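Q: test case, fold it:
(chains A, B, C, D, E and F)
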4 protein chains.
Amino acid sequence: MAESRSVRAAASKSTRDLILDVAERRFAERGFRGVSVREIAAEVGLKNQASLYHHFRNKRALYEAVLSRGVATLVELVAAGAPVETGRVDYRKVVEDTVDRLIDYLLEHPHLPRLIQRAGMDDAQAFRGTLIRLLRPLFQQGMGVLAVAGVRWPREELPHLAAGIYHLIFGYFANTQLLSLVSESDWLDAAAVARQRRFLKAAIGELLGFRTLGELRVVSVTPRLREKRQ
Amino acid sequence: MAESRSVRAAASKSTRDLILDVAERRFAERGFRGVSVREIAAEVGLKNQASLYHHFRNKRALYEAVLSRGVATLVELVAAGAPVETGRVDYRKVVEDTVDRLIDYLLEHPHLPRLIQRAGMDDAQAFRGTLIRLLRPLFQQGMGVLAVAGVRWPREELPHLAAGIYHLIFGYFANTQLLSLVSESDWLDAAAVARQRRFLKAAIGELLGFRTLGELRVVSVTPRLREKRQ
Amino acid sequence: MAESRSVRAAASKSTRDLILDVAERRFAERGFRGVSVREIAAEVGLKNQASLYHHFRNKRALYEAVLSRGVATLVELVAAGAPVETGRVDYRKVVEDTVDRLIDYLLEHPHLPRLIQRAGMDDAQAFRGTLIRLLRPLFQQGMGVLAVAGVRWPREELPHLAAGIYHLIFGYFANTQLLSLVSESDWLDAAAVARQRRFLKAAIGELLGFRTLGELRVVSVTPRLREKRQ
Amino acid sequence: MAESRSVRAAASKSTRDLILDVAERRFAERGFRGVSVREIAAEVGLKNQASLYHHFRNKRALYEAVLSRGVATLVELVAAGAPVETGRVDYRKVVEDTVDRLIDYLLEHPHLPRLIQRAGMDDAQAFRGTLIRLLRPLFQQGMGVLAVAGVRWPREELPHLAAGIYHLIFGYFANTQLLSLVSESDWLDAAAVARQRRFLKAAIGELLGFRTLGELRVVSVTPRLREKRQ
DNA sequence: GATGAATGAGGATTCATTCAT
DNA sequence: AATGAATGAATCCTCATTCAT
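A: Numbers count the residues shown, from 1 in each chain, chains lettered A, B, ... in the order given. Prediction:
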């Protein structure tokens, strides 16, 4: 059966996948409660909502499927960049590569960050199990990398660092709407994304201590601050 | 103390304010669409949804009132810490004070970050006007500070830096549920918040170049990387 | 009390009368069910619906008051033109005068016909008593006149004649909206009303046998007759 | 026979048609606003209002469908009697036949006149488009006939004549309730309808100059009136 | 696999009315 | 005489879901 499905998918996407695509976008845009089964069915081209129940037991099952599919890819993506050996690793390169891959992927799946963000807000209780299963590996993987790359930070703050980096990366894509509203410019056009790419690498670099921004500029800001500190 | 306050509040607060309180929490938890007028009215103690319409024209007006009230306080809070004079300003202190004030406030209003996050996702289109009116000043204020404090960064990346700092601060509070789920620990207990407070100051410090983390660790990472970059 | 009310009315209309005015128009436009107490109160300038209940026991009482006031004037109007003596009466003049008075009055109270029409449709059961009390005299008066002026008609058809004349007169004003919609011209402007005045006199005249249209035309039904006309 | 028909109808008619039937009567009785979707659904036998929305998008669409169906038949009916050839036409026969057909039809659909009357009063604005589409043809058809049959009348008064005849015919059926109230007799029983049939033919005949009532009576009324006129 | 029909529960909102002030 | 607040009942409509075809 898996075969027959993939065969048909090759020709044209199976109805099931079409539903998932539409649902992913809708759920990302308006949340679980904000999307009706009817509207998904309609956009897919089904003349009747009932048809959708042929593919997913209920709305909740559909939502979970959407979530799984989206996050799974994401986990793979991050995992792919993780250093395998424990020897000398160029963490700067690892970070920059991961950032690049993530941004590339998120550009193609712009709903995903919102989807996850929402899942954590709306439905943390309702979809607890699903979320744990999906996201915990992602988090642990990140923590693994930081255990080495984040030596500058107090050990107990590492989870906060992980969360912070996550927010830096995903917050941008989850909130482009809001940002665009607030700053009157499009945060998803090529130029903006390129800047964000650079910014992310530099920012994470700073947090991990790669010193990508020149020393000079520091001095120019507030010479006395440093003295105070000393 | 929290008890006595809420008791007094219930007694003295106007019905209108009670409604706002309840609505703020509910909307933050489940979004505009996810909350029913009925349930707000019930929690307020009104025996009937109709009573609520005496105070707010409709659900939307209530939502906007909630948003306004929440963000207004926030804007004041940030504004309060902004340096007035243009002379020599200890930006590190400004940042740390603002972080302290923000965290203190957000601890008392834990719904707010989620409320704003949601507003930017769910409802950015529907509440466009309201959001612009409320949030643009906040953003511009931040940009004003960064114009000076962010000299290390390329000018064009400053908005990204602003957004990044925003995500660092608000993302944490908006996503404590998700984080707790993923890491099996409570991210809102006193210890966690204290760590986050320290982390935030250090992280923002690093981004702005205050160098709060010891130099040693920097060196230990990858001295050679820098050369590569040049 | 009646005094004090009329005194104030002289200065400016009493709230009670204001309410009646507004209600008359609204009820005529949208019927008993179609009008809310709130909207009447609002248009009157009352800040609260409750105030209205100070003047009328409830919505129904208000509706009946509106109906009474409107129909009462109408009855007087028709009565005023009825011949008092039984001797030789110029019924043609009576009819034409009554038509003139009615049209003049209805022009100033354009809601009235619709109000009555509605009362007979919507609410004939609900407001049975009120309607009987108000309209039966009107009907009997009409029948009285027709008993003499309608001798041409079989006695048993006289009520139908009365109804017919009523429909001719009131139907026009009750349905100007519909007529205007259907014929793309305004049936309430001066010219239209003047035509209707002439038409009504002639039509009623024909029905009662006054022969206001030339004899010749009678013949003129079929094509051949037309030649004669020229 | 009426029984057997309605029984068969209930069995065979589609739910959609059943809804239309019930709605037609209800809307005629109490107007668009006065009827609840719930009560229509209940009378149709649907256990839930929601089912109704499967057949009609909303209450308004249902109302328009009712209106369309009713008026469409009416238009056909009138059209069926319109003379096709322009040659010698016995307009008296045409009128009498049309009156007969109309009365027969309206007896079976006693709601229709009230439905239309209401539509023109309550909802002329709201259902502007629908009404124009439905009724304008009816009006134009009538005007077409009168252009020939109404030669006795000044050309500009022809629309008023058309409206008048319409009010004579439809006013009766629209207002039987009111009339019955006012005259203490049933205006819809067989005898009354028979009288109305005769009255209508005679009255319209008089208006168009067919002279159905004997001359004698005219003379007997007021010989002097005519002299005055000259 | 898909569809038309139906349904119970619940959504926001408006209604007329009452009561204390 | 007027108003602010509250309330039960009803409004139209949408929801997710099921069932027979």
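Q: the closest residue to A:Phe127 other than its chain neighbours: how many residues sit nearby?
A: Distances taken as Cβ to Cβ, 6 or more residues apart in numbering or on different chains put A:Ala119 closest to A:Phe127, at 6.1 Å, once the chain neighbours are dropped. The way it works is simple: take the backbone N, C-alpha and C, and place the C-beta from them, glycine included. Number of residues near A:Ala119 (other Cβ atoms under 10 Å in any protein chain shown) recorded here: 29.
Q: what are the ranges of the helices in chain A?
A: Secondary structure of chain A (DSSP state H): helices at A:2-11, A:15-34, A:37-44, A:49-52, A:59-81, A:91-108, A:112-121, A:128-149, A:158-174, A:176-183, A:190-208, A:215-221, A:223-229.
Q: can I get these in JSON lines including mean pLDDT?
A: Putting the helices of chain A into JSON lines (pLDDT from 0 to 100) gives the following:
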{"stretch": "helix A:2-11", "mean pLDDT": "43"}
{"stretch": "helix A:15-34", "mean pLDDT": "92"}
{"stretch": "helix A:37-44", "mean pLDDT": "96"}
{"stretch": "helix A:49-52", "mean pLDDT": "95"}
{"stretch": "helix A:59-81", "mean pLDDT": "86"}
{"stretch": "helix A:91-108", "mean pLDDT": "88"}
{"stretch": "helix A:112-121", "mean pLDDT": "87"}
{"stretch": "helix A:128-149", "mean pLDDT": "86"}
{"stretch": "helix A:158-174", "mean pLDDT": "95"}
{"stretch": "helix A:176-183", "mean pLDDT": "92"}
{"stretch": "helix A:190-208", "mean pLDDT": "95"}
{"stretch": "helix A:215-221", "mean pLDDT": "33"}
{"stretch": "helix A:223-229", "mean pLDDT": "37"}
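Q: so for C:His160, which of the ones you listed sits nearest?
A: Closest to C:His160 of the helices of chain A is helix A:37-44 (Cβ to Cβ; 54.7 Å).
Q: identify the residues contacting that closest one?
A: Here helix A:37-44 makes contact (Cβ atoms under 8 Å, 6 or more residues apart in numbering or on different chains) with A:15, A:18-19, A:22-23, A:26, A:48-49, A:51-52, A:59, A:62.
Q: how far off centre is that helix?
A: Offset of helix A:37-44 from its chain centre (Cα atoms, centre = their mean, to the nearest Å): 26 Å.
Q: swap in stretch A:95-113?
A: Here stretch A:95-113 shows a centroid-to-chain-centroid distance of 7 Å under the convention Cα atoms, centre = their mean.
Q: and for stretch A:187-201?
A: Computed by Cα atoms, centre = their mean, the chain-centroid distance of stretch A:187-201 equals 15 Å.
Q: re the thing from before, relative to DNA strand E, how far out is the residue nearest to A:Phe127?
A: As judged by Cβ to the nearest atom of the strand, to the nearest Å, A:Ala119 and DNA strand E stand 21 Å apart.
Q: over to A:Leu52?
A: In this view, A:Leu52 and DNA strand E are 8 Å apart by Cβ to the nearest atom of the strand.
Q: OK, contacts around that residue?
A: A:19, A:37, A:40-41, A:44, A:46, A:62.
Q: most widely separated two among those?
A: Distance extremes for those: the farthest pair is A:Leu46 and A:Leu62 at 12.8 Å, using Cβ to Cβ.
Q: which of these two has more neighbours?
A: A:Leu62 (24 against 19).
Q: could you list the domains of chain A?
A: A:1-56, A:64-229 (automatic domain parsing).
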